[in-house]
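Engineer: Coordinates only, no sequence provided:
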């Protein structure tokens, strides 16, 4: 459990602390003590001191977490429960006891991911485009090119593959993930690249935690900069939305009002959910549905109920994982992606 031991401060402080139990989406839906933040850290402490081993039920419990970070919002220091869970998953991977469905999913991510081939990455380095956009969402790729054209920006769009490469870290395949992150960093540090925009909050968060050089820019942050610079203008839309804050973005960015500032500039009224901004509830996550689809669906359904209770015309999302979870749970829910909405109101 060498990776988990790096988070022993978090484990020791939370293993007897019930402060975040009430807010955990997974424990609320399962009613299981070992699915609470306190319970999970107690399990990790037993694994670290050798009192427990990585038997199947323990492994499954470690994967029953959406890594949303809402529990850590209840803390008052630098402890990080999701980071401890990710470390435990890395230990599971290194011990060779990954759940089969997780192993298969990780292999699928790697099959066509551009970051898996050093030569492909080197060939991507632009000679005349200073702005790079990284995505795994083909619709976002096409829409960003339209956005860049409206703003007068030459852009290189990189579709990294079928899946968000950040999920490799979240499911425990840390060695592969770090290899990919290293290649992204080397690509981004090239002198021909000024700005790297990332639409996945998961990848944005992972990159900014694992680079000592260039800061990566979230898509929402980049669009706000275009608005503030006068390069992107809006007509007045006159509709209302409720904005579902993506966990990885809102809990890792000091300023969470970027999207709301953009919506205000476009004349779009925001109806807030009960749990919003840094306290926003999770959509159900990305890795959770691989091993615990039933739990993920319950979490997603509860969040949809909060969204529809606002009475807004539509729900706006800036994370493709959130979009997929909502539409899979309720195909009739009126969900709009961030770039789709921006282009629909841009003049």
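Structural biologist: In hand now; what should we look at? The structure presented is a predicted model; accordingly, all values stated were derived computationally and were not measured.

Engineer: what sits against residue 273?
Structural biologist: 242, 244, 280, 281, 306, 307, 309, 310 (CB atoms under 8 Å, 6 or more residues apart in numbering). Using the backbone N, CA and C atoms, a C-beta is placed for each residue, glycine as well.

Engineer: The second one and residue 307 touch, don't they?
Structural biologist: Yes. With contact defined as CB atoms under 8 Å, residue 244 and residue 307 form a contacting pair (6.6 Å).

Engineer: intersection of neighbour lists for the two?
Structural biologist: 273, 315.

Engineer: Number of residues surrounding residue 99?
Structural biologist: Residues near residue 99, counting by other CB atoms under 10 Å, number 18.

Engineer: hang on, I meant residue 182
Structural biologist: Neighbourhood size, residue 182 [other CB under 10 Å]: 14.

Engineer: ok so it is a strand residue?
Structural biologist: No. Using DSSP: H, G, I helix; E, B strand; the rest coil, the assignment for residue 182 is helix, not a strand.

Engineer: pLDDT at the most centrally placed residue in the chain, what is it?
Structural biologist: Centroid check for the chain by CA atoms, centre = their mean gives residue 202 as the closest residue, at 2.8 Å. Residue 202 carries a pLDDT value of 95.

Engineer: Surely it is in contact with residue 160?
Structural biologist: No. Applying CB under 8 Å as the test, residue 202 and residue 160 come out as separate, 11.9 Å apart.

Engineer: Find the least confident helix or strand in the protein, judged by mean pLDDT.
Structural biologist: helix 118-124 (a mean of 87; mean pLDDT, DSSP states H and E).

Engineer: So which of the contacts of residue 273 belong to strands?
Structural biologist: Using DSSP state E, the members of these that fall in strands are 242, 244.

Engineer: Using ChimeraX, make a named selection holding only the buried ones among the contacts of residue 273.
Structural biologist: A single ChimeraX command suffices to select whichever of these are buried according to 16 or more other CB atoms under 10 Å:
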select :242,244,280,281,306,307,310
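
Engineer: about what we covered before: list the residues that contact the residue nearest to the centre of the chain.
Structural biologist: Applying CB under 8 Å, 6+ apart to residue 202 gives the contacts 164, 166, 167, 170, 248, 286, 319, 321.

Engineer: again with residue 244
Structural biologist: Counted by CB under 8 Å, 6+ apart, residue 244 has contacts 273, 280, 283, 303, 307, 315, 316, 317, 322, 326.

Engineer: what's the nearest residue to it if we skip its chain neighbours?
Structural biologist: Nearest residue to residue 244, sequence neighbours excluded (CB to CB, 6 or more residues apart in numbering): residue 317, at 5.2 Å.

Engineer: Could you double-check that the one you found sits in contact with residue 335?
Structural biologist: Yes. The pair residue 317 / residue 335 is scored as a contact, 6.1 Å apart, by CB under 8 Å.

Engineer: In terms of neighbours, single out the busier of those two.
Structural biologist: Using other CB under 10 Å as the criterion, residue 317 and residue 335 rank with residue 317 on top: 27 against 22.

Engineer: who's that one bridged to?
Structural biologist: Beta-bridge pairing for residue 317 (DSSP bridges): residue 244, residue 337.

Engineer: Where do the strands of this protein begin and end?
Structural biologist: With DSSP E as the criterion, the chain has strands spanning 131-135, 155-159, 195-198, 217-218, 240-244, 269-270, 314-317, 335-337.

Engineer: Dump the ones you listed to TSV, plus mean pLDDT and distance to residue 85.
Structural biologist: Formatted as TSV, these follow (pLDDT from 0 to 100; distance: least, CB to CB, whole Å):
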stretch	mean pLDDT	distance to residue 85
strand 131-135	95	25
strand 155-159	94	29
strand 195-198	94	23
strand 217-218	94	23
strand 240-244	95	22
strand 269-270	94	32
strand 314-317	97	24
strand 335-337	97	28
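
Engineer: from those strands, which stretch is densest packed?
Structural biologist: strand 131-135 (a mean of 24; mean count of other CB atoms under 10 Å).

Engineer: buried residues in stretch 91-111?
Structural biologist: Residues 91, 92, 93, 94, 98, 99, 102, 103, 105, 106, 109, 110 are the ones in stretch 91-111 that count as buried (16+ other CB under 10 Å).

Engineer: which residue ranges form the helices in the stretch 201-347 of the chain?
Structural biologist: 201-209, 219-228, 247-250, 258-265, 288-291, 293-308, 320-329, 338-345 (DSSP state H, counting those that start in this stretch).

Engineer: model confidence over the second one, on average?
Structural biologist: Mean pLDDT, helix 219-228: 94.
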